[in-house]
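K.L.:
got a structure for you, letters missing:
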């Protein structure tokens, strides 16, 4: 036995020294950046680097006040006993987020000495950013579709994302962290926990609902209609539980303020509609057209899957789905792969973002970490994929937005959606 151990050790040392030879070193380094099997190594190095980089950003770059003081003022109203959402407000206006937002920033209120120690808040968001990256990296490691060098670009090339996390303290990153945790649980088939975390994300900010059409079809295809109703009930109960103090006192004010689908955005902050006039931007008919386009795109992408699913004879059989889940039977017809689940969720979100009534700069985190996966799910060449990533990044880093940056962003989204649609029928389970 000892001889075998010695022989194995010698073999490993031989391979190690061979890889360090000049003629092999280059190929080893190239493989490190291009071979998906090296994703865990690259991700670990990126986490360490990002920790140092974000600490440096907080120390060297001046913090810019946008919404933090308003969040803290809203928390003070809440802590003073105000449960009427019409009376919970701050410098930039009344609260427009569900109860989960208040609870998160109440915690930050106490952690930062009533909101006075902004730097402590920044350190919290550095940790949030790192944990969010770990969740995202775990997703990419499970599907191993995107090469490591693209994940490096995702981390190291976006000034805007680092700014949103470390210098702005918006609630968007908190909601997206809950979403990516939910996605990880979906890939692990922990459906109840996934539904709970998804609903928690919605309770922080409503943009998480853009993933809902994809989540619904994932639940239906993976677990069947009866379990889907159970998981949707978990989502609903979570919203009721978190909003209970406000629902028991001023329910109408809470629902109309926190889930206000008709909210008016400011034209000066728009990233995607600078290419139209402010009058058209604020026009209700324009908003209705965007809503109709949203529904049409969802039907184009998912309509056939819904209809074919409903026509399956065994779809409504509770026993069939329970048996399949219990026995963990894998089949191309009955079970989605992790890749297809991700593409369903991320495409659902991308469609909503493409036809959004307005995108502000902090909304970039709504889909930033899913962009590489979406682009690498197309049949574009590698050069075209990198150019598409670069164009989207350029548009989001143009401040203030211009007519040209808006059109480029729309063209990038449309080209991405079109290529994904072409690939839809070729996806393998």
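P.N.:
Cool, the structure landed. Since the structure is predicted, the reported quantities are computational estimates derived from the model, not experimental observations.
K.L.:
contacts, neighbours, all on C-alpha from now
P.N.:
Noted.
K.L.:
which residues in the stretch 151-300 of the chain form helices?
P.N.:
For the stretch 151-300 of the chain, the helices defined by DSSP state H, counting those that start in this stretch cover 159-163, 172-187, 191-204, 212-223, 225-242, 244-247, 251-258, 278-281, 284-311.
K.L.:
Mean neighbour count, the ones you listed: which tops it?
P.N.:
When those are scored by mean count of other CA atoms under 10 Å, the highest mean neighbour count falls to helix 191-204 (a mean of 24).
K.L.:
how far off helix 212-223 does that one point, in degrees?
P.N.:
Per axes from the mean of the first three to the mean of the last three CA atoms, to 10 degrees, the angle that helix 191-204 makes with helix 212-223 is 170 degrees.
K.L.:
which helices and strands does helix 191-204 pack with?
P.N.:
In this structure, helix 191-204 packs against helix 99-111, helix 172-187, helix 225-242, with contacts taken as 3 or more CA pairs under 8 Å, 6 or more residues apart in numbering; DSSP states H and E.
K.L.:
got CSV for the ones you listed, with mean pLDDT and distance to residue 293 too?
P.N.:
Listed next are the helices and strands packed on helix 191-204 as CSV, based on pLDDT from 0 to 100; distance: least, CA to CA, whole Å:
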stretch, mean pLDDT, distance to residue 293
helix 99-111, 97, 29
helix 172-187, 97, 25
helix 225-242, 96, 25
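K.L.:
Can you say which of those is nearest to residue 346?
P.N.:
For the helices and strands packed on helix 191-204, the distance to residue 346 is smallest for helix 172-187, at 10.1 Å, taking CA to CA.
K.L.:
could you give the angle of the closest one to helix 212-223?
P.N.:
20 degrees.
K.L.:
Residues contacting helix 172-187, please?
P.N.:
By CA atoms under 8 Å, 6 or more residues apart in numbering, the list of residues contacting helix 172-187 from outside reads 128-129, 131-132, 135-136, 138-139, 165, 191, 193-198, 200-202, 204-205, 208, 338, 341-342, 362-363, 365-366.
K.L.:
Repeat that for stretch 343-357.
P.N.:
Counting by CA under 8 Å, 6+ apart, 210-215, 218, 281, 287, 290-291, 293-294, 297-298, 359, 367, 370, 373-374, 377, 410, 413-414, 417 sit against stretch 343-357.
K.L.:
Hmm, residue 219 is touching residue 228, no?
P.N.:
Yes. Using CA atoms under 8 Å, residue 219 is in contact with residue 228, at 5.5 Å.
K.L.:
how many other residues sit next to residue 273?
P.N.:
Residues near residue 273, counting by other CA atoms under 10 Å, number 25.
K.L.:
and of the helices and strands packed on helix 191-204, who's closest to residue 92?
P.N.:
With CA to CA as the criterion, residue 92 lies closest to helix 99-111 of these, at 15.6 Å.
K.L.:
and the next helix or strand after that closest one, what other elements does it pack with?
P.N.:
The helix or strand immediately downstream of helix 99-111 is helix 118-143, counting by DSSP states H and E. With contacts taken as 3+ CA pairs under 8 Å, 6+ apart, helix 118-143 sits against helix 39-60, helix 99-111, helix 172-187, helix 338-354.
K.L.:
Using CSV, lay out those together with distance to residue 392.
P.N.:
Listed next are the helices and strands packed on helix 118-143 as CSV, based on distance: least, CA to CA, whole Å:
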stretch, distance to residue 392
helix 39-60, 22
helix 99-111, 29
helix 172-187, 19
helix 338-354, 12
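K.L.:
Let's have the helices and strands packed on helix 191-204 in a markdown table, adding distance to residue 39.
P.N.:
Output for the helices and strands packed on helix 191-204, formatted as a markdown table (distance: least, CA to CA, whole Å):
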| stretch | distance to residue 39 |
| --- | --- |
| helix 99-111 | 32 |
| helix 172-187 | 17 |
| helix 225-242 | 32 |
